[in-house]
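> Here's a sequence, model it:
(2 chains)
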Amino acid sequence: MRLVSLVAAVQFAMVSAAMGQSIAVTDHARSTLFSEATGIAPGGTVRVALYQALEPGWHVYWKNPGDSGLPLETLWSLPPGALASPTDYPVPERIQIGPLVNYGHEGTPTFVTTITAPPYVEVGSSIDIGLEATWLICAEICVPETGEFLISLPVVAQPSADSAAQEVFADADANFPRAANAVFRAVGGALALEAEGIGRDAIAAYFFPETDSLVAPTAAQKFERRDAVVRLTMPTLKDIAAPLKGVVVVESSDGRRGYAIDANADSGLASPSVSAGPATVRSPATTANLPSLLFAALMGGAILNLMPCVFPILFVKAASFASAGADNRLMRRQGLFYGAGVVATFAALGAALLMLRAAGEGLGWGFHLQSPAVVALSAYVLFIVGLNFSGAFSIGASLQNIGADAVASAKGDVAAFLTGVLAVFVAAPCVGPFLTAPIGAAAVLSPAAGMAIFVVMALGLALPYVALSFSPGLAKRLPRPGPWMERFRQILAFPVFAAAAYFLWVLSAQTGSAGLALALGGFILIGLATRLWEWGRGTGWAQPAAIAATLAAFVLIGLLRPAPAIAAQTGYSYPKTIEFDVDEIERRRAEGEAIFIDFTAAWCVTCQVNKFTVLSSKKVTRAFDAAGVTVAIADWTNRDDAIADALAGFGANGVPLYVFYPKGGDAVVLPQPLTEASILSLLSTQKDGDPL
Amino acid sequence: MKAHLSIVVSAVVLGGAAFAEPAIDAPAPAFSGPTSSGGTISLDQFKGQNVVLEWTNDGCPFVQKHYQTGNMQKAQKAANEAGTVWITVMSSAPGKQGHADATRAKSLITEWASEPDFVLLDPEGVVGKAYGAKTTPQMALIDGDGILRYSGAIDNKPSANHAAVEGAQNYVLTALASVLKGEAVAVKETKPYGCSIKYKS
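Numbers count the residues shown, from 1 in each chain, chains lettered A, B, ... in the order given. Model prediction:
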């Protein structure tokens, strides 16, 4: 039964051999082959056009047909010595079929080929130009059609234009893309393309790559314009090699125009940051999954409360509720100030990040920790908090009285707000695997959606404590204060000292031993300050002196100078490591090496934990060795735009990130949390076929 | 607790992706669905066996080329003899070309003298989209460990011309032979050719 339609579809059309024209009629198209001239000279050329009038609603395909479809296929029959050029295609259109996108033509597309006659043909003879053309024509359903054409052209000394074909060629020429200059830059799964002189009145633009499977036809392309320069940014499916050919279509109020480009790579272009994750990352960030991203942000923020960086500070704060006891109103007030501190800090960092990224800075989450001053400041603050917990000095009264005393005052409000600020700063290195997806998305979504993610994350962090402050019943169930609490507070001083020590280690990675010496000098000044504070209790002189000593410690921060980071790169038991370098990695991949990229930073606790527990384990080391994998270490401890670009290319916006390139294969982003098992299974697929 | 939470996070993030490009040499997307014989199959029940997925649409001339020349039936026979599970997938939406309910699917199989192990009915296009299936015919090969080893065209002759079956290299059978020998698949991914799949949306 289906046979009938097939037979109809592949029917061969009648051949009419009028002199300069030949017509084929099929089910869904009427196709004509025209010659531009009425004759051809010996050794001369003539253009021939395949003009197709398609049934409305049906389309044929461009040379890159997109997600499905086939381009025009031509089989020329020419006398010996005659040549047919490659076919020129008109400017393509995007044609959406359900979830797929095709590149093709509707209406009356015209395909033009240049025929060259051999020099030895004699004037007075004739040349037969035969064509068997096959095209796939589709509405929603598809039908392959074939037409046969024959034009017989006399060989003449001076061929003249065929007036009957004039209009067809004029239209065809108007619909061909014009040439334009363009350059591109491709980095880690993303492509930026800039074409000059074509965009003065552009309101939209789209790039049709000539080669298929370079860019997903369904992928969104970000359009920007600088005077007449059109810039398009898009995710890529594979590596892009120069020259990059295709057509850029520009839309303006005057309609659409196509420009053929043949672009070379230019490393001077601003690097691409795509609006949707590249196809190699299987979780494109779109506004569609914003609700789930927000949920993940809320949960991740709440979990941060349990992290060793944050927990001690919040516990001691919460314990003050127990002592504040009866006054619910003040408790709520303090809870809200704390929440405001958290949200304001997160929002400020988020806004700074989004603005700097919009300005083209290669930054990502944790960027503030790339500043040695911020790291040293965090170490100082934690050291002071630790000293306070351990009882080396106290502010105001003893813990038992803090609630009744401080909560009521304006000082209490400020203290609560500052606790919120501190919580965000100490939480940043602990962000880890829970929040990488929402934070990565925040950087590539619209600013509004990005800010929403940051604020919801802040709400998650603030939530447990604020909830506690609003439920007196819960707060009452906290253990009663007593001497045990003083002891517990002293114990909690030690995780806080550990966090301070960690920041010092990060600082040493950023600024070398000189920076470390400065910071330790600061620690001594702070130690002195706390003693002065206690000695001077009740007198007028010592507390100003203590504050002066503390300020001196902070002045030392101003002297910190970045030095090449080394510490984040130590501690790998695996010997075959290289520094991250895009060109070097490309070169090694081209030579067939398998590459594992560890995007890391000294200030990233999760990265360090993964390095020591997973990446340096015996099993993983042995497996890397057996599979001949080179480990590239992308150390983001200090600012590095190339690494930020590469992270963006994988849809990430912070560390850690682990990427594996199998031999001759495309990038695989490893799931987090990182486990030995996931690396081993990845490597076992790599060893395909090797005897085990 | 920690592991549990991160699973939730990654699941919600992946949940938003409609049309996936599955990674070769990585675990194949899991699926389950109704068959023309009234049962339900899921990918994980075939652990230990190689599985071929074949997307089809009886109205598509490219599919007709392979069935009317007996090429597809020949490939099925070769795969079956090697103990492979062959699943024909119909992802056309109701009312569109190639859509089949269980009854129509069974009569098509009889008409074609085709012998797949199962015909998976996918009118919502869920399985098709999970595998990034774009055309009919389109093929996928999953090995016994559930790893996707091949995805793309059935062979290297993108044409609806029946004569193009002669001398064509069948990519999926070549990939299957490599998997059976424990060798690496040389051609893992090709651009599929044929009619676009008539998805619901």
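
> Please count neighbours and contacts with C-alpha atoms only from this point.
Will do.

> Please report phi then psi for the residue sitting furthest away from the middle of chain A.
Note on chain A: the largest C-alpha distance from the chain mean falls to A:Gly124, namely 65.1 Å (Cα atoms, centre = their mean). A:Gly124 adopts backbone torsions of phi 100, psi -20, taken as degrees, to the nearest 10.

> Next one: it from B:Gly48, what distance?
In this view, A:Gly124 and B:Gly48 are 73 Å apart by Cα to Cα, to the nearest Å.

> go on, A:Leu516?
Taken as Cα to Cα, the span from A:Leu516 to B:Gly48 is 57 Å.

> Look at the two and report which has more neighbours.
A:Leu516 (20 against 11; other Cα atoms under 10 Å in any protein chain shown).

> For the nearest residue to the more buried one once chain neighbours are set aside, give its distance to chain B.
Of all residues not flanking A:Leu516 in the chain, A:Ser508 sits nearest, at 5.2 Å (Cα to Cα, 6 or more residues apart in numbering or on different chains). Taking Cα to the nearest Cα, to the nearest Å as the measure, A:Ser508 falls 31 Å from chain B.

> is it true that A:Ser508 touches A:Gly515?
Yes - in this structure, A:Ser508 is within contact of A:Gly515 by Cα atoms under 8 Å, at 6.3 Å.

> measure stretch B:46-63 end to end?
Span of stretch B:46-63 from end to end, Cα to Cα: 26 Å.

> Please read the previous query as pertaining to stretch A:525-544.
14 Å.

> Contacts made by it with the rest, please.
When contacts are defined by Cα atoms under 8 Å, 6 or more residues apart in numbering or on different chains, stretch A:525-544 is touched by residues A:380, A:384, A:392-394, A:545-550, A:552-553.

> Next step: those residues restricted to helices.
Per DSSP state H, helices hold the following members of these: A:Tyr380, A:Ile384, A:Ala545, A:Ala546, A:Ile547, A:Ala548, A:Ala549, A:Thr550, A:Ala552, A:Ala553.

> Kindly provide the distance from the closest residue to the third one other than its chain neighbours to chain B.
Meaning A:Ala545. Distances taken as Cα to Cα, 6+ apart place A:Leu532 nearest to A:Ala545, at 6.8 Å, with adjacent residues excluded. A:Leu532 sits at a distance of 44 Å from chain B (criterion: Cα to the nearest Cα).

> one step back: thought the residue farthest from the centre of chain A was touching A:Val155?
Yes - in terms of Cα under 8 Å, A:Gly124 counts as a neighbour of A:Val155; the distance is 5.6 Å.

> so B:Leu141, which of the three states?
strand (DSSP: H, G, I helix; E, B strand; the rest coil).

> Just the element for the residue lying closest to A:Pro92 once chain neighbours are set aside, please.
Counting by Cα to Cα, 6+ apart, the nearest residue to A:Pro92 once its immediate chain neighbours are dropped is A:Gly104, at 5.2 Å. Using DSSP states H and E, A:Gly104 maps to strand A:100-105.

> now the helices: where do they sit in chain B?
B:2-14, B:61-68, B:71-81, B:102-112, B:126-130, B:171-181.

> Can you tell me which of those helices is most buried?
Of the helices of chain B, the one with the most neighbours on average (mean count of other Cα atoms under 10 Å in any protein chain shown) is helix B:61-68, at a mean of 22.

> Run the angle between that one and helix B:71-81 for me.
Using axes from the mean of the first three to the mean of the last three Cα atoms, to 10 degrees, the inter-axis angle of helix B:61-68 relative to helix B:71-81 is 60 degrees.

> List the contacts of helix B:61-68.
A:6, A:142-144, B:56-58, B:72-73, B:112, B:136-137, B:159-162, B:165, B:194-195.

> How about stretch A:378-388?
A:393-395, A:425-426, A:492-494, A:496-497, A:499-501, A:503-504, A:522-523, A:526.

> What of stretch A:78-92?
Stretch A:78-92 has contacts (Cα under 8 Å, 6+ apart) with A:62-63, A:76, A:103-105, A:109-118, A:127-130, A:172, A:175-177, A:208, A:247, A:249, A:257-258.

> Report the buried residues of it.
A:Leu78, A:Ala82, A:Leu83, A:Ala84, A:Thr87, A:Asp88, A:Tyr89, A:Pro90, A:Val91, A:Pro92 (16 or more other Cα atoms under 10 Å in any protein chain shown).

> Please export the C-alpha coordinates of that stretch as PDB.
What follows is stretch A:78-92, C-alpha atoms only, in PDB (Å, rounded to 0.1, in the frame of the first residue of the first chain):
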ATOM      1  CA  LEU A  78      29.000  16.300 -19.900                       C
ATOM      2  CA  PRO A  79      31.100  15.700 -23.000                       C
ATOM      3  CA  PRO A  80      34.700  14.700 -22.400                       C
ATOM      4  CA  GLY A  81      36.800  17.600 -21.100                       C
ATOM      5  CA  ALA A  82      33.900  19.700 -19.900                       C
ATOM      6  CA  LEU A  83      33.700  20.500 -16.100                       C
ATOM      7  CA  ALA A  84      30.900  21.400 -13.700                       C
ATOM      8  CA  SER A  85      31.800  23.600 -10.700                       C
ATOM      9  CA  PRO A  86      30.400  22.900  -7.100                       C
ATOM     10  CA  THR A  87      26.900  24.100  -6.700                       C
ATOM     11  CA  ASP A  88      26.100  27.500  -5.200                       C
ATOM     12  CA  TYR A  89      23.200  27.500  -2.700                       C
ATOM     13  CA  PRO A  90      20.900  30.400  -1.900                       C
ATOM     14  CA  VAL A  91      20.900  31.800   1.700                       C
ATOM     15  CA  PRO A  92      19.300  29.100   3.900                       C
END
